[in-house]
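>>> This is the structure alone, sequence omitted:
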């Protein structure tokens, strides 16, 4: 199945071993930067709910822009009211067409590949187009009317896709095709044939995990649970968004922002003015004053990180921190409480996995991933933890020493036994400034978004032989801040891909984090040869009319990360939709290109391709670049431990935890959180009232359930892949270009058409080693 929205992806994780969707609302390497991915869903992966209502009238492409699918979505014309008529019309046609296809498959013997998967792609494409647009807008232009329309139509979409995943005639036809190929074993298989085989194999596995083998009441129960799970996943994400929007802290005393970077004060002052304007559009709101305030701190990523990093007032940092870790929980508004949703989600997944013959959901999830077992995941986690935990303890001790030595009586040992969570980020930032004599604020003027984009595009031209050019105005967009770009192959001059970039935080209607999603996928069956991606970040918006967005270095890394995902989607040479780009890639390998791209943020030619002062044009001073490189491994122990903690908490909840045991002696989800924390972050245990799980969108509202470990698993491969460039010498342009083209021709080109370990072997000449990962993180 190829429906591509993240929302449907979040529905899909129960029907397949690997489906999908950073610090503001989902999670990546560090707690302050979450990056996420969404992808088109292969056949039979979608799970959803039942029965779309009949529209009052039938729409045509001329009257309903959602049905105009010849090109890019007509975002400026699309309204939430158009979703139900479009979905209803397409569902009716899809049901009739698929019923006819099933009848034909039941009657025919020896059906060919061309009569099956390509036909399915063509059947599903119209609905996938509409639902993909709806899911995208639900993340970047969220509103009550769209939510209502989305939730109203979600059951019908799920029900329709469930019919595909559980179609016995379709399964038997694919099984017959696979058997005919098995009769031809021993022959060399070209990529064209190999990608077809992968698509069929993936589809059969996904259909098995989607319940195609179930019958009668058991099948009916399975589908009811699938629909309920889809509803819960959507509700979970909405609760997180609403709880995040509900909090703000207004600061009026200038002493409370003393020492805070000018960019953060400007952001908070602008936030206050915008809030007043939203409360009363007719009001005469004074221009925001970064120096005099007032300043409004919120829980969206850039604001939250700045508050924890720079607010000198401990009690205010504590207020912001506690508000963040208690969002959408039993400690707040009951109508936004995700605790009962988590128990129900875990319970449903466990039951569905049992029905499919697995001991737990983690086993089911790993059935379609590179990692063979839960034990193998734990083995890698513990391998890294063995190095990371001692480093983390040492880092925290150093941070604590600084706080005690210069922080005053509040941090004296007799009044504060240990630093609290709202202290660690603040004093870590002070220690970094002291160690490297370099502040984030000093760097920001050199990281203006337009220049960073130029530098990033220069890098991919240098190593991948592609040219990215602005094409603003050639595509309709959903917000004035959104950019549109085209990608051309330098050698042929051919237009090979395009992408949208939505770079800034918009707390009012855009979910937090950063992600890549599919707008249009490459598919020979659907006559789509130019893939199009959505790249979405939540970076610092411009402050004032004359200043561009001045990025933090973490935001630069995030942009490179998401562009890496986009490159795998856009540079694919696979033509079978279900394995083109990121489709069909095992989920614990899909972060390879994204994490690989982050390494170039420390490469001198790359950095000097964009690090120019936005006012003077002067390049980043050499000593600042050297300090920036030295900072790369700063805090790596604590960051690694935090990611390991997230991954193992996810795995424990989906393997050994029993959500149905509710006795006083039984573990709660928060007991599991504390137990795993004691093992992987013993230096920094969560507060008793920490409810991070209630905002863990990756595993409860997205596709990373029993798969969050994938970030670290893929990082082994990404670090080793970058090691290939280091081996030939990063200053050897000719060799770097040669290795870059090999990376493009393997990792970025083959998509899901080749098994990921084989893809890596073709690039590196061997299987991956964790040595580069430990070395890059300063843990060797």
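Cool, got the structure. What you see is a predicted model, and the numbers here were worked out from it, not measured in a lab.

>>> Going by C-alpha atoms from here, please, whenever you check contacts or count neighbours.
Noted.

>>> OK, contacts around residue 269?
Listed by Cα atoms under 8 Å, 6 or more residues apart in numbering, the contact set of residue 269 reads 288-290, 293-296.

>>> That one and residue 697, how far apart?
Separation of residue 269 from residue 697 (Cα to Cα, to the nearest Å) stands at 29 Å.

>>> out of the contacts of residue 269, which are inside strands?
Among the contacts of residue 269, the ones falling in strands (DSSP state E) are 295-296.

>>> will you turn the contacts of residue 269 into JSON lines that also has neighbour count?
Below are these laid out as JSON lines (neighbours: other Cα atoms under 10 Å):
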{"residue": "288", "neighbour count": "22"}
{"residue": "289", "neighbour count": "17"}
{"residue": "290", "neighbour count": "19"}
{"residue": "293", "neighbour count": "21"}
{"residue": "294", "neighbour count": "21"}
{"residue": "295", "neighbour count": "28"}
{"residue": "296", "neighbour count": "21"}
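
>>> and stretch 624-633, average pLDDT?
Across stretch 624-633, pLDDT averages out at 94.

>>> Now that stretch: buried residues?
Across stretch 624-633, burial judged by 16 or more other Cα atoms under 10 Å covers 624-625, 628, 631.

>>> Please list the members of these that lie in strands.
Going by DSSP E, the strands hold none of those.

>>> tell me the pLDDT at residue 284?
With respect to pLDDT, residue 284 has a value of 89.

>>> my bad, residue 188
pLDDT, residue 188: 63.

>>> can you check residue 29 too?
Looking at residue 29, its pLDDT stands at 28.

>>> Likewise for residue 663?
Note on residue 663: pLDDT of 74.

>>> Just say helix, strand or coil for it.
The three-state label given to residue 663 by DSSP: H, G, I helix; E, B strand; the rest coil is coil.

>>> roughly how far apart are it and residue 330?
Taken as Cα to Cα, the span from residue 663 to residue 330 is 19 Å.

>>> More neighbours: these two, which one.
residue 330 (17 against 8; other Cα atoms under 10 Å).

>>> what kind of secondary structure is the more buried one in?
With three-state DSSP as the basis, residue 330 sits in coil.

>>> Skipping its backbone neighbours, what lies nearest it in space?
Distances taken as Cα to Cα, 6 or more residues apart in numbering place residue 337 nearest to residue 330, at 5.4 Å, with adjacent residues excluded.

>>> Backbone dihedrals for residue 548, please?
When quoted as degrees, to the nearest 10, the phi and psi of residue 548 stand at phi -70, psi 170.

>>> Quickly find the element holding residue 500.
Per DSSP states H and E, residue 500 falls inside strand 495-504.

>>> List the buried residues of that strand.
For strand 495-504, the neighbour count (16+ other Cα under 10 Å) marks 495-504 as buried.

>>> Then stretch 738-755?
739-755.

>>> And stretch 521-538, by the same measure?
For stretch 521-538, the neighbour count (16+ other Cα under 10 Å) marks 521-526, 528-538 as buried.

>>> Strands - which of those residues land there?
Reading strands off these with DSSP E, I get 532-538.

>>> OK, contacts around residue 326?
Neighbouring residues of residue 326 by Cα under 8 Å, 6+ apart: 332, 689-692, 694.

>>> Residue 634 now?
Residue 634 is in contact with residue 432, counting by Cα under 8 Å, 6+ apart.

>>> do the one 10 residues further on as well
Listed by Cα under 8 Å, 6+ apart, the contact partners of residue 644 are 381, 385, 680, 709, 712.

>>> try it again with 7 Å
Going by Cα atoms under 7 Å, 6 or more residues apart in numbering, residue 644 touches 381, 680.

>>> which helix in the protein runs the most residues?
Assignment by DSSP state H gives helix 374-406 as the longest helix of the chain.
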